[in-house]
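> give me the fold of what follows.
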Amino acid sequence: MSDLCHETAAWRTLERHYREEMADFDIAESFAVDPGRLDALSQQAPHLFADLSKNSITPRTEELLAALAQECDVTGRRDKMFAGEPINTSEKRAVMHWLLRMPRDGGLLREHAVFTAMTPTVRAALDAVHSTLDTMLELAEQVRARPEITDIVNIGIGGSHLGPEVVVNALADWCTPDKCFHFVSNVDGHELGHVLSRVRPESTLFLVASKSFTTAETMLNAHSARSWFLEQGGSLDKGAECTIADHFVALTTNVEAAAAFGVERTLDFWDWVGGRYSLWSAIGLPIAIAVGAQHFRTLLAGAHAMDAHFVTAPMERNLPVRLGLLDIWYRNFHGYGSRCIAPYSHGLRRLTAYLQQLEMESNGKQVDSNGRPLTSATSAVVWGEPGTNGQHAFFQMLHQGRDVIPVEFIAMRNGSKYLGGHQHSLLINAVAQAQALMTGRRDECSEKFCPGNRPSTFLLLKQLDPASLGALIALYEHRVFVTGAVWGINSFDQWGVELGKHLARDLAERQASGDWKDVDASTAGLMRRLIAADLP
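A predicted model of the protein is given here:
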């Protein structure tokens, strides 16, 4: 069994490097000392440019972090994932979301061992992926061609909600103007109720996204939508004009449960598709309806390009590796507990919520994949809002607060096709904020003083199009994989989430029976207050 990450020689070397060389490192001054700093700490990757030069690192730091990655066998773990091995050890499943965007002929990896040495099982899975993809895109085009369908309501939660919502929002310029898209996830009835108040049964298509077709929140919302549909004149009768069979589609592996619900059209996916990695699968149907088959394939192609980069690029020029190791550097050696995401794009307004699930659900753990306790910190808190809104909210704390919080700027060189003149001002604001975090205002001993030396990363896309968005999301997926691999975490299960679900079911059963034996006093008291009508 391998050493825990904090027991390795590379970890101890990094601790010494931080203590002796980097604890008092000045980012702004480093540019004067090293004229080649920008070139050394920036790079072009598929569909985006990354500037890491405003971070508290040197090329030497990256060398030592790469040594840590090597000692923790990051590339070996990566290769096992791309070989289809069951790296989700607790659930004994492969992790193959990358297969969902691989072309039939291997695409950019057609001559690489990832494709040429593909096992019969993985090759069969690739064939199944493309069969389902073709079916999904055919269905999407059929829906797009139906002018009577004006509203698409996606009912899901977690990855089956956040992923499609992020992409549809981001690709608004590519979406059909003939249909409105609604995303329902919260079990709070206000969300679904507000959507239903704005749609009509005869012009609405409901997409129920649940792998098992038993997810509690999703199925409660789905059954409420079904009841509303029938109350508003819809029918279970196949011969009727407005039927559940025609207005509901299930994205699930449980065809029998979907049929019992009244759904005839289902799209399948596989147990190796984790929820937070599922937007590339049948869960992406709302995306395909919104942007069309060709743009959906372009989204997949952008992600595949980043997959190929992750597999083939040397570690020192491998952007997911560099960013993942930077996260390790800040979390474990600087002790920074959070990271701010600042997308300077209205289209990416839900990206932070998506990344919160991707990173914090994957790596928010305190034991490694063998159950051994970790003494090193793991997932940082990911948070943020789009710029320029964030500048007038929390950026004050980023500039003058006591806590140092690394910031990640995401910007597009080209902006909206409707109001392109705004983009210049937006970009200037993003660049200025990164500069201000680094340089600060050090010439005044007053309330205006800003210490500066606050690190940031800048990701620049040419424009927010399907290929660039696919590459960006895949970049974050692989980055999370890298940090999890260093920590030795299984990034593909979520037992903390399962605990909450289990306790919710238990409380519902206790409420029905009235048995509160062995339940803590606070929980029992709250439940009694919830069900007692005579309490204030």
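> E477 belongs to a helix?
Yes: counting by DSSP: H, G, I helix; E, B strand; the rest coil, E477 is found in a helix.
> quick check: which ranges of the stretch 251-400 of the chain have low pLDDT?
Within the stretch 251-400 of the chain, no range satisfies pLDDT under 70.
> keeping just the C-alphas, turn the strand or helix carrying S425 into CSV.
Following DSSP states H and E, one finds S425 within helix 422-439. Output of helix 422-439 as CSV, limited to C-alpha atoms (Å, rounded to 0.1, in the frame of the first residue of the first chain):
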residue,chain,number,x,y,z
HIS,A,422,-19.8,45.9,-23.7
GLN,A,423,-17.1,43.3,-23.9
HIS,A,424,-14.2,45.7,-23.9
SER,A,425,-15.3,47.2,-20.6
LEU,A,426,-15.9,43.8,-19.2
LEU,A,427,-12.4,42.5,-20.1
ILE,A,428,-10.7,45.6,-18.8
ASN,A,429,-12.5,45.2,-15.4
ALA,A,430,-11.4,41.6,-15.2
VAL,A,431,-7.7,42.4,-16.0
ALA,A,432,-7.7,45.4,-13.6
GLN,A,433,-9.1,43.3,-10.7
ALA,A,434,-6.3,40.7,-11.2
GLN,A,435,-3.7,43.5,-11.3
ALA,A,436,-5.2,45.1,-8.2
LEU,A,437,-5.1,41.9,-6.3
MET,A,438,-1.4,41.5,-7.1
THR,A,439,-0.1,45.1,-6.8
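> that helix: how far from the chain's middle?
Distance, stretch centre to chain centre, for helix 422-439: 25 Å (CA atoms, centre = their mean, to the nearest Å).
> list the buried ones in that helix?
Q423, L426, L427, N429, A430, V431, Q433, A434, A436, L437, M438 (16 or more other CB atoms under 10 Å). (C-beta placed from N, C-alpha, C; glycine too.)
> what lies in contact with it?
27-28, 54, 342, 344, 387-388, 391, 395, 398-399, 407, 409, 411-416, 450, 452-456, 458 (CB atoms under 8 Å, 6 or more residues apart in numbering).
> can you check stretch 97-104 too?
81-82, 84, 109-110, 115, 122, 125-127, 129-130, 133, 272-274, 277-278, 280-281, 300-301, 303-304, 307, 470, 474, 477.
> and the buried ones among the residues you listed, selectable in PyMOL?
Buried members of those, defined by 16+ other CB under 10 Å, are picked up in PyMOL with:
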select buried, resi 81+82+84+109+115+122+125+126+129+133+272+273+274+277+278+280+281+300+301+303+304+307+470+474+477
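> for the record, mean pLDDT for the helix holding S425?
Taken as a whole, helix 422-439 has a mean pLDDT of 95.
> quick one: name whatever helix or strand follows it.
Downstream of helix 422-439, the first helix or strand assigned by DSSP H and E is strand 456-461.
> what is the mean pLDDT for the helix ranked longest in the chain?
When the chain is parsed with DSSP state H, its longest helix is helix 120-144. Helix 120-144 carries an average pLDDT of 98.
> how does the chain divide up, domain by domain?
5-71+313-487, 120-293, 498-531 (automatic domain parsing).
> and the helices in the stretch 301-450 of the chain?
Using DSSP state H, counting those that start in this stretch, the helices of the stretch 301-450 of the chain run over 319-328, 351-356, 362-363, 395-400, 422-439.
> name the helices or strands packed onto the first one?
For helix 319-328, the elements it packs on are strand 42-45, strand 48-51, helix 59-71, helix 293-312, helix 466-487, judged by 3 or more CB pairs under 8 Å, 6 or more residues apart in numbering; DSSP states H and E.
> tell me the buried residues in the third one?
Read that as helix 59-71. Applying 16+ other CB under 10 Å to helix 59-71 flags T61, E62, L64, L65, A66, A67, L68, A69, E71 as buried.
> that helix: how far from the chain's middle?
The answer for helix 59-71 is 26 Å, by CA atoms, centre = their mean.
> and stretch 35-43, end to end?
Length of stretch 35-43, first residue to last, CA to CA, to the nearest Å: 16 Å.
> could you list every residue that touches A83?
Contacts of A83 by CB under 8 Å, 6+ apart are V114, A117, T119, V122.
> what's the pLDDT at it?
At A83, pLDDT is 97.
> could you do Y418 as well?
65.
> N154 should be in a helix, yeah?
No: under three-state DSSP, N154 falls outside any helix and is assigned strand.
> that one: how many residues sit nearby?
26 (other CB atoms under 10 Å).
> measure it to H247 for me?
The gap separating N154 from H247 is 14 Å, by CB to CB, to the nearest Å.
> what does A532 give?
When A532 is compared with H247 (using CB to CB), they lie 40 Å apart.
> more neighbours: which of those two?
H247 (22 against 9).
> find me whatever residue is spatially closest to that one, sequence neighbours aside.
Distances taken as CB to CB, 6 or more residues apart in numbering place L205 nearest to H247, at 5.8 Å, with adjacent residues excluded.
> which residues touch the closest residue in space to H6 that isn't next to it in sequence?
Using CB to CB, 6+ apart and skipping the chain neighbours, the partner closest in space to H6 is S376 (4.5 Å). Neighbouring residues of S376 by CB under 8 Å, 6+ apart: L4, C5, H6, N332, W487.
> using PyMOL, make a named selection holding only the buried ones among those residues.
Selecting only the buried entries of the contacts of S376 in PyMOL, with 16+ other CB under 10 Å as the criterion:
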select buried, resi 4+5+332+487
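> can you pick out the most distant pair from the contacts of S376?
Maximum pairwise distance among the contacts of S376 (CB to CB): 12.0 Å, between L4 and N332.
> my guess is F181 contacts I152. True?
Yes: F181 lies in contact with I152 (CB atoms under 8 Å); the separation is 5.0 Å.
> can you show me the CA trace of stretch 122-140 as PDB?
This file holds the C-alpha atoms of stretch 122-140, laid out as PDB (Å, rounded to 0.1, in the frame of the first residue of the first chain):
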ATOM      1  CA  VAL A 122     -14.600  -0.600 -23.100                       C
ATOM      2  CA  ARG A 123     -15.000  -0.900 -26.900                       C
ATOM      3  CA  ALA A 124     -18.500  -2.300 -26.500                       C
ATOM      4  CA  ALA A 125     -19.200   0.600 -24.100                       C
ATOM      5  CA  LEU A 126     -18.000   3.100 -26.800                       C
ATOM      6  CA  ASP A 127     -20.400   1.500 -29.300                       C
ATOM      7  CA  ALA A 128     -23.200   1.800 -26.800                       C
ATOM      8  CA  VAL A 129     -22.400   5.400 -26.200                       C
ATOM      9  CA  HIS A 130     -22.700   6.300 -29.800                       C
ATOM     10  CA  SER A 131     -25.800   4.300 -30.300                       C
ATOM     11  CA  THR A 132     -27.500   6.200 -27.400                       C
ATOM     12  CA  LEU A 133     -26.000   9.500 -28.600                       C
ATOM     13  CA  ASP A 134     -27.400   9.100 -32.100                       C
ATOM     14  CA  THR A 135     -30.800   8.200 -30.600                       C
ATOM     15  CA  MET A 136     -30.700  11.200 -28.200                       C
ATOM     16  CA  LEU A 137     -29.800  13.600 -31.000                       C
ATOM     17  CA  GLU A 138     -32.400  12.300 -33.300                       C
ATOM     18  CA  LEU A 139     -35.000  12.800 -30.500                       C
ATOM     19  CA  ALA A 140     -33.600  16.300 -29.900                       C
END
